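In: This is a predicted model, with the sequence first.
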Amino acid sequence: LLPHTTAEVSRILQACHQAGLPVAIQGGLTGLAGGANPRGGELVLSLARLSSIEEIDSLGGTVVVQAGVTLQQLQDRLSPLGWQFPLDLGARASCHLGGNAATNAGGTRVLRFGMMRESILGLEVVLAAGTILTMLNQVIKNNAGPNLNHLFIGAEGTLGVITRLSLKLVPLPQSSCTCLCALPSFQAAATLLREARRHLPALTTFEVMWDGYFTRAAESLSLRRPFAEHHALYALVELLGMDEAGMRSELEGFLGKMMDAGILQDALIPDSLSQAKHLWEIREAASELMPGMRPFIAFDVSVPLSDMGTLVEQLTALLECNHAGKQHHFFGHLGDGNLHLLTGPYPDARQMDEVKRLVYEAVGRVGGSISAETGIGSAKKPYLYLSRSPAEIELMRTLKLTLDPKGILNRGRIVD
Ligand SMILES: Cc1cc2nc3c(=O)[nH]c(=O)nc-3n(C[C@H](O)[C@H](O)[C@H](O)COP(=O)(O)OP(=O)(O)OC[C@H]3O[C@@H](n4cnc5c(N)ncnc54)[C@H](O)[C@@H]3O)c2cc1C
């Protein structure tokens, strides 16, 4: 069903609740945890037609949108007004803002602006039995009791259907300054990040790619390698601000110092926007690598920064020893301790389970999270216990039972 209004969503859920009919909620269908995939007997509720940008407060820097507006549509509408919504991710053209809230999306600017949660002022949510909960707060400060919006952010549609959002904007940066750094080791990348945080106030993005990923990504896009030699890792660093010349000279000075200190082996500041775009294409090329790796596993885990380098070494050794002949590519949002691993092909389902257990258990051992930003859905449900305690999982069940007693919304996702 493709409702046009919140009232229609409410009537649909009322009917489903009465009939005990399970509902699969769909946004832009870019989610990576399988939450929006319908299962047998489920009615599919898509938010695609709730697609209007309702209100822009260009004085206060807030906006009210319906859940089916895509991230790209919002950005395109805001930039002529001098505002920006700070979230950014590779699926921007298709993902919905409602889906971004339901998954608490992260992306490439979390280091500076936080995850989706930090940009949400309020939500309108329809509960399982059809009750409309209007919490479209537009003020920054509101401590009138607990903030109920947070119940629904990151709940992946298991507690309610998000129909409208009130969002906080930031002034549109007038310029960006990008550079690609070649690094000898993970330790050097972590040190570069620490120093960049201290010395570059406009630092917005710090993405890392291990050499295997970087090389395959450039090849798959038929791009010339930016550096002739291979290096252990590459960091894509971006500053956003208002003063291009000032930012560039700050960045050049910083890179020079890092080079003298032996932290950096090489660095490239693109001369043109198109060169900068190519660097971003390499970072966002994961989907170009996927076809040759199917059936693959895409991991999205969080680990303490101090453990990340060793974890990648251990996983590489284990995977190469136990699963020779596969590809294993590491990359991620280093500034947020978020590591992505793309590995495959695994035509054998048993082997796939073995790899998942191996990786998730290793992440659990260092106190990391089995889902940094893409959620649990159905894909990661069997491993939730590695990141959350029994008491936490029990509380998730209690909330589900309270808000959705018949279990109709995204049944069987996150918890049973
Ligand atoms: C190329 C690519 C790059 C990506 N990069 C990132 C990244 O950097 N960071 C990141 O966090 N994610 C990333 N993702 C994953 C994905 O884009 C996000 O999880 C996104 O927030 C999902 O939004 P969606 O509208 O597509 O949701 P869907 O895929 O439709 O749904 C995702 C989940 O949210 C629920 N849901 C959707 N809409 C609603 C709603 N209105 N109310 C209640 N529940 C709802 C669904 O039932 C499902 O459980 C990427 C995906 C791709 C394909």
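Out: Sure thing, it's come through. Numbering: from 1, shown residues only.

In: Compute the number of surrounding residues for residue 42.
Out: Residue 42 has 18 neighbours, counted by other Cβ atoms under 10 Å. For every residue, glycine as well, the C-beta is placed using N, CA and C.

In: Please tell me how far the one residue in the stretch 51-200 of the chain that gets nearest to the ligand sits from residue 316.
Out: The ligand sits closest to residue 99 of the stretch 51-200 of the chain, with a gap of 2.0 Å, by Cβ to the nearest ligand atom. Separation of residue 99 from residue 316 (Cβ to Cβ, to the nearest Å): 33 Å.

In: Of these two, which one has the most company?
Out: Counted by other Cβ under 10 Å, residue 99 and residue 316 do not tie: residue 99 has more neighbours, with 29 against 15.

In: What is the helix or strand where that one lies packed up against?
Out: Element membership for residue 99 (DSSP states H and E) is helix 97-103. Packed against helix 97-103 by the contact rule (3 or more Cβ pairs under 8 Å, 6 or more residues apart in numbering; DSSP states H and E) you find helix 71-78, strand 161-168.

In: Out of those, which is the most enclosed?
Out: strand 161-168 (a mean of 25; mean count of other Cβ atoms under 10 Å).

In: relative to helix 71-78, how tilted is that strand?
Out: 40 degrees (axes from the mean of the first three to the mean of the last three Cα atoms, to 10 degrees).

In: Any part of strand 161-168 near the ligand?
Out: Yes: using Cβ under 6 Å from any ligand atom, strand 161-168 reaches the ligand at 161-162.

In: strand partners of the helix or strand following that strand, parallel vs antiparallel please.
Out: Downstream of strand 161-168, the next assigned helix or strand under DSSP H and E is strand 170-171. According to DSSP bridges, strand 170-171 forms sheet pairs with strand 83-84 (antiparallel).

In: Next secondary structure after the host helix or strand of residue 350?
Out: Element membership of residue 350 [criterion: DSSP H and E] is helix 349-365. Going down the chain from helix 349-365, the next helix or strand is helix 390-403, by DSSP H and E.

In: Kindly export the worst-scoring helix or strand of the chain on mean pLDDT (C-alpha atoms) in CSV.
Out: Counting by mean pLDDT, DSSP states H and E, the chain has its least confident helix or strand at helix 286-289, which shows a mean of 86. Taking Å, rounded to 0.1, in the frame of the first residue of the first chain, the C-alpha atoms of helix 286-289 are listed here in CSV:
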residue,chain,number,x,y,z
ALA,A,286,31.7,-0.6,-2.6
SER,A,287,28.7,-1.4,-4.8
GLU,A,288,31.0,-1.6,-7.9
LEU,A,289,33.0,-4.3,-6.2
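
In: So is it next to the ligand?
Out: Yes: contact of helix 286-289 with the ligand (Cβ under 6 Å from any ligand atom) involves residue 287.

In: how about that helix: buried residues?
Out: 286, 289 (16 or more other Cβ atoms under 10 Å).

In: of all of the stretch 301-416 of the chain, which residue lies closest to the ligand?
Out: Residue nearest to the ligand within the stretch 301-416 of the chain: residue 373 (3.4 Å; Cβ to the nearest ligand atom).

In: Contacts only, for the closest residue to that residue other than its chain neighbours.
Out: Once flanking residues are discounted, residue 373 sits nearest to residue 106: 3.4 Å by Cβ to Cβ, 6 or more residues apart in numbering. By Cβ atoms under 8 Å, 6 or more residues apart in numbering, the residues touching residue 106 are 89, 115-116, 333, 336, 338, 372-373.

In: now residue 251
Out: 177, 179, 200, 237, 239, 269.

In: Could you list the contact residues of the stretch 101-250 of the chain toward the ligand?
Out: 102-103, 105-107, 156-157, 161-162.

In: same thing but 8 Å
Out: Neighbours of the ligand within the stretch 101-250 of the chain, by Cβ under 8 Å from any ligand atom: 101-108, 115-116, 125, 152, 155-158, 160-163.

In: So for this protein, the centremost residue is which one?
Out: residue 106 (3.4 Å; Cα atoms, centre = their mean).

In: follow-up on the earlier one: could I get the helices and strands packed on helix 97-103 as JSON lines with distance to residue 84 and mean pLDDT?
Out: Below are the helices and strands packed on helix 97-103 laid out as JSON lines (distance: least, Cβ to Cβ, whole Å; pLDDT from 0 to 100):
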{"stretch": "helix 71-78", "distance to residue 84": "6", "mean pLDDT": "98"}
{"stretch": "strand 161-168", "distance to residue 84": "11", "mean pLDDT": "98"}
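
In: Of all the ones you listed, which one is nearest residue 322?
Out: Residue 322 lies closest to helix 71-78 among these, at 38.4 Å (Cβ to Cβ).

In: What helices and strands are in contact with the closest one?
Out: Using 3+ Cβ pairs under 8 Å, 6+ apart: helix 71-78 touches strand 53-57, strand 62-66, helix 97-103.

In: Comparing the ones you listed, which comes out most buried?
Out: Scoring the helices and strands packed on helix 71-78 by mean count of other Cβ under 10 Å, the most buried comes out as helix 97-103, with a mean of 30.

In: any idea of the mean pLDDT in the helix holding residue 350?
Out: On average, the pLDDT along helix 349-365 is 94.

In: outside of the helix holding residue 99, which residues touch it?
Out: 25, 27-28, 30-31, 33, 35-36, 47, 50, 65-71, 74, 87, 105, 116, 120, 123, 152-157, 162-163, 165, 167, 373-375.
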